[in-house]
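Colleague: Quick check, what structure comes out for this input:
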Amino acid sequence: DFLFIFMISAVSTTLTSMFMDEVVSFGASGIVLGAFGAAAVFGFKYEQYLPVKYRRYFMGAVIPYALFILYLGLLSNETDNWGHVGGFLSGILGASICHAKLLLPSRPETKLLYTLKYSIFLLSILIPVSGQWMFQYVSHRLQPYYDHSIGLQFSHPYGWERLDDFLGFTTIGNGFDMAVAWGVSENDEPADSFPLLWKLVNKELRPRIKMELISDLRLGIAKPYNIDGIIGYTLPLEFFYSEKPFYIHAYLWSRGELSYAFYFIVNTSEEKKYARMLNAILKSIHHTEPTFLTKAKERIKDEIDNPVSLLKYARANHRLGNVNEALKYYQLAHSKDPQSAKTLYYQGKLIYDYLPNEIENGLSISRQALEMASPKQPQYYILFAHLLNRAGKKEEAITFLQKILNETGNPIFSEKIDELVHNGLSQEKKDP
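Modeller: Below is the predicted model:
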């Protein structure tokens, strides 16, 4: 009977903790409370057969002490109260179906109680045997995480906490062998996903190899991958970081001018056993409204006639690739302030970035921006050259930039001429 109560208390406190608490915990206090609960039931059931001094132990001392432990647990954030409650209640249940054979040998145990008790006992043995299944089930209970600053939402297992940044990226994990890290970078143009792989390897990893922060870098095969409706790429990596082996699945994709990176990190060679968890996390990734768009949207509610607020809202949509919304508010901002060269510049850039069939219109808008701008900034000239090149007027674009170079002496125009002559302008679209 003692072994029976011990086992059901151990299993019950574990299951209650796993399914009701978010934090991983360990200890034997749940079993101790199970013994207290069983002792209290024993004292109440057989009070008339116990000597007076034992009645005090089983009834007068055990229950107040158990309640005091539960009360102390409520005062601490580091105590697994659900585990305590599960152990205590299971001890009460277990003792209620046990029979005091030594105390009452003349009263045999009923067949029903005997069958019930040993069925529960066998079940309590089978549950720990299926511990791997329980771990997988509980590890897949996910809770949402929101990074509003970059407009990203995903879910992660309960109990994961913020860790030290990994390779400069925000990181959360279980603090033992699993974590995810993510971040975003912004470009001056809509980014292709494939070059992000080159950036990851050559800008993030190789410099750390030279600094001897990581070693033994091995790359897998990059493959296309769909992240919330956007086609990006996934790349498996292996390397040693702080003298520990890491197995990483990198997921890289772009949303307008924002380039996202999401890493699933396992510092064990048995990363295959976490494949289900990885798939569950990846399926939970969704794009949300980032903070900069939310703020711009709130601002135009009160300042719908303010061209600056309209331009900021249009620009926020432009950054996310919301073409129709951006174009609508660029035009609205221009109608409120027809002399704004900046509004015309961004409207021309939107056409260059997303509307190839409107290039001639973009050239006209960009030319107006150049005429109105004072002082004229380099990006105004470069955008006009971009549009000329996109319209099939490469030689005219080179001549235009050469003229501006001669007038200003700014070396950036010389760089753009070289790019155009040898490779086409750096912003020209290419098939990765």
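
Colleague: give the contact list for Val180.
Modeller: Val180 sits next to Phe154, His156, Thr171, Ile172, Gly173, Phe262, Tyr263, Phe264, Ile265, Ile281 when contact means Cβ atoms under 8 Å, 6 or more residues apart in numbering. The C-beta positions use only the backbone N, C-alpha and C, and glycine is treated the same way.

Colleague: of those, closest to Trp182?
Modeller: Lowest distance from Trp182 to the contacts of Val180 (Cβ to Cβ) belongs to Phe262, with 4.7 Å.

Colleague: what's the distance between the nearest residue to Ser29 once chain neighbours are set aside and Ser96?
Modeller: Excluding the flanking residues, the one nearest Ser29 by Cβ to Cβ, 6 or more residues apart in numbering is His84, at 6.2 Å. When Cβ to Cβ, to the nearest Å is applied, the distance between His84 and Ser96 equals 19 Å.

Colleague: Please, where are all the strands along the stretch 151-300 of the chain?
Modeller: According to DSSP state E, counting those that start in this stretch, the stretch 151-300 of the chain carries its strands in the segments 152-157, 161-166, 169-173, 178-186, 214-219, 223-227, 230-241, 244-255, 258-266, 286-287.

Colleague: winner for burial among the ones you listed?
Modeller: strand 258-266 (a mean of 22; mean count of other Cβ atoms under 10 Å).

Colleague: Identify the neighbouring strands of that one in the sheet and state each direction.
Modeller: The pairing partners recorded for strand 258-266 under DSSP bridges are strand 178-186 (antiparallel), strand 244-255 (antiparallel).

Colleague: and the shortest one, how far out from the chain's middle?
Modeller: Spelled out, it's strand 178-186. In terms of Cα atoms, centre = their mean, to the nearest Å, the gap separating the centre of strand 178-186 from the centre of its chain is 8 Å.

Colleague: Hey, what's the angle from that strand to strand 152-157? Just curious.
Modeller: 170 degrees (axes from the mean of the first three to the mean of the last three Cα atoms, to 10 degrees).

Colleague: Compute the inter-axis angle for strand 178-186 and strand 169-173.
Modeller: Going by the same axes, to 10 degrees, strand 178-186 is angled at 160 degrees with respect to strand 169-173.

Colleague: Ramachandran angles for the nearest residue to Gly73 once chain neighbours are set aside?
Modeller: Taking Cβ to Cβ, 6+ apart, and ignoring the residues beside it in sequence, Gly73 has Thr79 as its nearest neighbour in space, at 3.9 Å. Dihedral pair for Thr79: phi -100, psi 140, per degrees, to the nearest 10.

Colleague: tally of neighbours for the residue nearest to Ser29?
Modeller: For His84, the neighbour count with other Cβ atoms under 10 Å is 25.

Colleague: That one and Gly30 touch, don't they?
Modeller: Yes - at 5.9 Å, His84 counts as touching Gly30 under the criterion of Cβ atoms under 8 Å.

Colleague: So for these two, which residues contact both of them?
Modeller: Thr13.

Colleague: Tell me the one of the contacts of Val180 nearest Arg206?
Modeller: In terms of Cβ to Cβ, no member of the contacts of Val180 lies closer to Arg206 than Tyr263, at 16.6 Å.

Colleague: Could you check how far that closest one is from Phe240?
Modeller: According to Cβ to Cβ, Tyr263 stands 16 Å off from Phe240.

Colleague: Mean pLDDT added to the strands of the stretch 151-300 of the chain, as CSV?
Modeller: What follows is the strands of the stretch 151-300 of the chain, written out as CSV (pLDDT from 0 to 100):
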stretch, mean pLDDT
strand 152-157, 91
strand 161-166, 84
strand 169-173, 89
strand 178-186, 88
strand 214-219, 84
strand 223-227, 91
strand 230-241, 86
strand 244-255, 87
strand 258-266, 90
strand 286-287, 94
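
Colleague: can you put those in JSON lines and add distance to Ala326?
Modeller: Compiled in JSON lines, the strands of the stretch 151-300 of the chain are given as follows (distance: least, Cβ to Cβ, whole Å):
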{"stretch": "strand 152-157", "distance to Ala326": "21"}
{"stretch": "strand 161-166", "distance to Ala326": "33"}
{"stretch": "strand 169-173", "distance to Ala326": "28"}
{"stretch": "strand 178-186", "distance to Ala326": "16"}
{"stretch": "strand 214-219", "distance to Ala326": "37"}
{"stretch": "strand 223-227", "distance to Ala326": "22"}
{"stretch": "strand 230-241", "distance to Ala326": "18"}
{"stretch": "strand 244-255", "distance to Ala326": "14"}
{"stretch": "strand 258-266", "distance to Ala326": "14"}
{"stretch": "strand 286-287", "distance to Ala326": "16"}
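
Colleague: Can you say which of these is nearest to Val308?
Modeller: Of all the strands of the stretch 151-300 of the chain, the one in closest proximity to Val308, counting by Cβ to Cβ, is strand 178-186 (20.8 Å).
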